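> need a structure here:
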Amino acid sequence: MHIAVKLMQKFKDRETQNKLKVYQDKAKLIRKRNLEAWDDGQLQAESLRLQKEAKSGTPLDELLVDAYALVCEAAKRKLRLQPYDVQIMAAIALHERFLIEQHTGEGKTLSAVMPAYLNALTGEGVHVLTFNDYLANRDAEWMGPIYRFLGLTVNSVQAGMSLSEKQEAYAADITYVTAKEAGFDYLRDTIALGEDDTVHRPFHYVIVDEADSLLLDEARVPLVIAGEPGSSISDGIRIAEVARQLKQVEHYDFDEFQRNVYLNEVGSWKAESLLGCGNLYESHNSHLLSSLNCALHVESLLKKDVDYIVRDGKIELIDEYTGRVAENRHLPDGLQAALAAKEGLQSTAGGQILGTITLQHFLSLYPKICGMTATAHASAMEFEDIYALQVVQILPNRPNIRIDHPLRIYTHKEAKHKALVQEISSVHATGRPILVGTSSVEESDMLAEALAAADVPCHVLNAKNDAKEAEIIARAGEVGAVTVSTNMAGRGVDIRLGGGNPTQAEIVAKLGGLYVIGTHVNESVRIDDQLRGRSGRQGDPGASIFFVSLEDELLLRFGIDKEFRNLRQDEALEKPVLRSKIAHIQRVTMGQNFHIRQELNCYSDMVEDQRRILYEERLGILKGEKQMSPSEQRVRLFYIDESWADHLAYASYIRESIHLESLASRNPIDEFHMQIVQAYEQIPAKINRESANMLARLGGSNDPAEWEKFGLKSPTSTRTYIINDQYIQNNRSSWTPGTIIAYYIRKILSPVFDRVFSALNKG
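Numbering: from 1, shown residues only. Okay, the predicted model is just below:
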């Protein structure tokens, strides 16, 4: 099997080399189309010719050389940027719908302009999906002069824009927007009661920046549009107090990888005693059991200043991949309410969900998709499996001379922490700039305190002060700079030696360039590579090293510390086999996360297929393709939306308990599909029935005031948010034996015992 995989990889590598040779030849051809002698008017006339050709049906492949040559000349004239051959090669691969891996600092932003321009010639619109609003606005303004010079319109979408502003932005030939905002706007369109209230036009071609983050790390994240919630503390505080009184091992167990937590038999009895609720597993206590499970989860698995922070009286979740505050992100409602109760805050969970779509499903709406990132090769198989996207690695313009040192491994956290402070202090004394990537807000604050005690001044960049990110990162390459950061510095950031000052840059280069230190290894090799990639841009010198402790969470999860339990030393371990084991753990974890994504997709794919069928009908009504009176149109749209919201609520209800089917040797996914299909089949009849009844009550009135009177209106207000579904307990096959026994005793045998004892007492 291993030989087969190696042969397949060898074949793919050869195929990639052949592609790169073709791209290189085509790049030379584009270079030969030297347009320096043309005046501006000639260039603009050529762009107009290409637009006419594209709109008349000429294949874009036939226009590529002329179009790319135009963009290269426009970039030189308007921005004084001369694309490298490797940027042109990357641009060709993007047009051919590949996922390109292009090193940090290699100019992905300019590479994207060429395929964006080419595909926008048809007039159907191009979206460039960015990592955040700042980058969407920056890139649209930065690259805008090229597009406008060539006669195309460009705009960016920002959260909080008015309806008319968004309509104008999406009407542009090229639109820069975050994937999340584009997805939220799509969800808003799906509940619009008039075509004038929509912002998107039909999707055409999309370039996904930071593709590994959006296509993998956040692909399964559901975007949600919901009605406004209530605000309450309810009885969550009482349940949180019960959860705090339960002890690990004695009352509850974790699964093998500490992703989920379960009550055992003793814990069930203890909880029932504290709550005074009788048998927790009887149907009338199902909501209480669900609330207790959520409270136990947030109490035992979610840590303040690691998984979330509390700021201005609100809970803000921290993105596990970036260390940034995950803006507008919630846990699934039960967990969000439990977390608020844990911190003694009001819960803003709730509100009827009106529509939902994962980023993966949203991106699949585009007929043509491509992407770019600095780290793709490690997950090439997953990109191909989920999106049918092949990875093409583009060589850097200048060779990468960064030195990546082997892992430095310590037996315990205290030794690692001490060694980190010593390393940073000694390197800082030379004046060499240092970027330290930490695992959490908590660790970054703790390390900053230790450095201050060692007289090493540093800038701290974490979720508590993310507003200062641009300012802090801009100075991270200066002489003597020490920047302690979570993974926040990993996306959309270019750290220049000397902070962009040529004199300082020369000094820093002589010192060895930016020194990147990781305080842990991440679950994904891609995230480690993102941190490494902050150093060594465009042939700059640089170095990276990762410090690891056998007590780090990832390694504890796999029990690697047990092999060295009796060995405790302050010096680093010189055992090459350990490095291999850690690399193996990362591969296994990446595989697990891939499996989780696949399993979650199995649940969401069916619901998404159903949504698309219903939305097609809705869109036809909205555009007036079935012939209906205004009142018929309004009524039909209203009941489609109401039925779909009810269906989503039912699907969520089923998901909460579907895992129990595995205890009866039934496949939870198959059972979910069966139940959700049965429910969906009842929707058309319900829509027809409700619509007919309402039309009879309206008497055919086309007066909007009359519609309002009968409640046929959109929600008075809506909110959009993202569900962190990494916390949805998705795999119950790893229940511990004690948990399964507890379930059977409490659910099945307890009612029998209750009846027996009741009969004895009566006797």
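
> what residues are up against E617?
Residues touching E617, when contacts are defined by C-beta atoms under 8 Å, 6 or more residues apart in numbering, comprise I640. The way it works is simple: take the backbone N, C-alpha and C, and place the C-beta from them, glycine included.

> On the pLDDT front, check L193 for me.
With respect to pLDDT, L193 has a value of 86.

> domain assignment for this structure?
14-219+365-393, 236-350+735-762, 403-589, 621-654+666-718 (automatic domain parsing).

> Which of those domains sits closest to R612?
Across the domains of the chain, the minimum distance to R612, taken as C-beta to C-beta, is reached by domain 14-219+365-393, at 8.8 Å.

> end to end, how far does the closest one reach?
Distance across domain 14-219+365-393, first residue to last, is 12 Å (C-alpha to C-alpha, to the nearest Å).

> next one: stretch 518-536
Across its full length, stretch 518-536 reaches 15 Å between end residues, using C-alpha to C-alpha.

> which SS state does Y176 fall under?
With DSSP: H, G, I helix; E, B strand; the rest coil as the basis, the three-state label of Y176 is strand.

> how about the helices in the stretch 101-250 of the chain?
Using DSSP state H, counting those that start in this stretch, the helices found in the stretch 101-250 of the chain span residues 108-120, 133-149, 163-171, 179-190, 211-212, 236-244.

> circling back to that earlier point, mind putting the domains of the chain into a markdown table with mean neighbour count?
Below are the domains of the chain laid out as a markdown table (neighbours: other C-beta atoms under 10 Å):
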| stretch | mean neighbour count |
| --- | --- |
| domain 14-219+365-393 | 20 |
| domain 236-350+735-762 | 18 |
| domain 403-589 | 18 |
| domain 621-654+666-718 | 15 |
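
> For these, which has the smallest mean pLDDT value?
Mean pLDDT is lowest for domain 236-350+735-762 among these, at a mean of 74.

> The residue positioned nearest the centre of the chain - nearest residue in space that isn't next to it in sequence?
The chain has E218 as the residue nearest its centroid, 2.0 Å off, counting by C-alpha atoms, centre = their mean. With sequence-adjacent residues excluded and distances taken as C-beta to C-beta, 6 or more residues apart in numbering, E218 is closest to L359, at 5.6 Å.

> now the one you found: how far from R220?
Going from L359 to R220 by C-beta to C-beta, to the nearest Å gives 8 Å.

> now swap in S444 and tell me
Distance of S444 to R220, given as C-beta to C-beta: 27 Å.

> cool, and I585?
Using C-beta to C-beta, one obtains 22 Å as the distance from I585 to R220.

> now swap in E506 and tell me
E506 sits 46 Å away from R220, taking C-beta to C-beta as the criterion.

> Could you do G344 as well?
31 Å.

> likewise Q569?
Summarising the geometry, the distance separating Q569 from R220, computed by C-beta to C-beta, is 42 Å.

> Tally up the residues packed near the residue nearest to E218, please.
Counted with other C-beta atoms under 10 Å, the neighbours of L359 add up to 23.

> And the one 4 residues further on, by the same measure?
Counted with other C-beta under 10 Å, residues neighbouring L363 total 24.

> re earlier: output the domains of the chain in CSV, with distance to V607 appended to each entry.
Formatted as CSV, these follow (distance: least, C-beta to C-beta, whole Å):
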stretch, distance to V607
domain 14-219+365-393, 14
domain 236-350+735-762, 15
domain 403-589, 27
domain 621-654+666-718, 6
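
> Minimum distance to D609: which of those has it?
The closest of those to D609 is domain 621-654+666-718. By C-beta to C-beta, the value is 9.4 Å.

> Verify the stated contact: Q633 with I621.
Yes - at 5.6 Å, Q633 and I621 qualify as touching, with contact defined as C-beta atoms under 8 Å.

> List the strands paired with the helix or strand L435 falls within, with their directions.
In this assignment (DSSP states H and E), L435 forms part of strand 434-437. For strand 434-437, the pairing partners within the sheet under DSSP bridges are strand 482-485 (parallel), strand 514-518 (parallel).

> Which of those sits closest to A380?
strand 514-518 (23.0 Å).

> Make sure I669 is actually in contact with S604.
No - no contact is recorded between I669 and S604 when judged using C-beta under 8 Å, the distance being 11.0 Å.

> where do the contact lists of these two overlap?
Going by C-beta under 8 Å, 6+ apart, no residue sits against I669 while also sitting against S604.

> Straight-line length of stretch 311-318, end to end?
One end of stretch 311-318 sits 12 Å from the other (C-alpha to C-alpha).

> now do stretch 177-197
Taking C-alpha to C-alpha as the criterion, the two ends of stretch 177-197 lie 19 Å apart.

> And stretch 549-566, by the same measure?
Start to finish, the residues bounding stretch 549-566 are 15 Å apart (C-alpha to C-alpha).

> Who does the nearest residue to E168 once chain neighbours are set aside form a beta bridge with?
If you skip the residues right next to it in sequence, E168 has N155 as its closest partner in space, 6.6 Å away by C-beta to C-beta, 6+ apart. Note on N155: beta-bridge partners by DSSP bridges are T175.

> distance of N155 from T175?
When C-beta to C-beta is applied, the distance between N155 and T175 equals 6 Å.

> overlap in contacts of those two?
Contact criterion C-beta under 8 Å, 6+ apart; residues shared by N155 and T175: 140, 169.

> After the longest helix anywhere in the chain, which helix or strand is next?
With DSSP state H applied, the helix covering the greatest number of residues in the chain is identified as helix 576-622. On the C-terminal side of helix 576-622, the nearest following helix or strand under DSSP H and E is helix 630-657.

> Does that next one pack against any helices or strands, and if so which?
Other elements packing on helix 630-657 under the criterion 3 or more C-beta pairs under 8 Å, 6 or more residues apart in numbering; DSSP states H and E are strand 353-358, helix 576-622, helix 668-681, helix 683-698.

> Kindly format the C-alpha coordinates of the third one as PDB.
This points to helix 668-681. Listed in PDB are the C-alpha atoms of helix 668-681, where the atom choice follows Å, rounded to 0.1, in the frame of the first residue of the first chain:
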ATOM      1  CA  PRO A 668     -26.700   7.200  12.700                       C
ATOM      2  CA  ILE A 669     -26.100   8.900   9.400                       C
ATOM      3  CA  ASP A 670     -28.500   6.500   7.600                       C
ATOM      4  CA  GLU A 671     -31.100   7.000  10.200                       C
ATOM      5  CA  PHE A 672     -30.700  10.800  10.000                       C
ATOM      6  CA  HIS A 673     -31.100  10.700   6.200                       C
ATOM      7  CA  MET A 674     -34.200   8.500   6.400                       C
ATOM      8  CA  GLN A 675     -35.900  10.800   9.000                       C
ATOM      9  CA  ILE A 676     -35.000  14.000   7.200                       C
ATOM     10  CA  VAL A 677     -36.200  12.700   3.800                       C
ATOM     11  CA  GLN A 678     -39.500  11.700   5.400                       C
ATOM     12  CA  ALA A 679     -39.900  15.100   6.900                       C
ATOM     13  CA  TYR A 680     -39.000  16.900   3.700                       C
ATOM     14  CA  GLU A 681     -41.500  14.900   1.600                       C
END
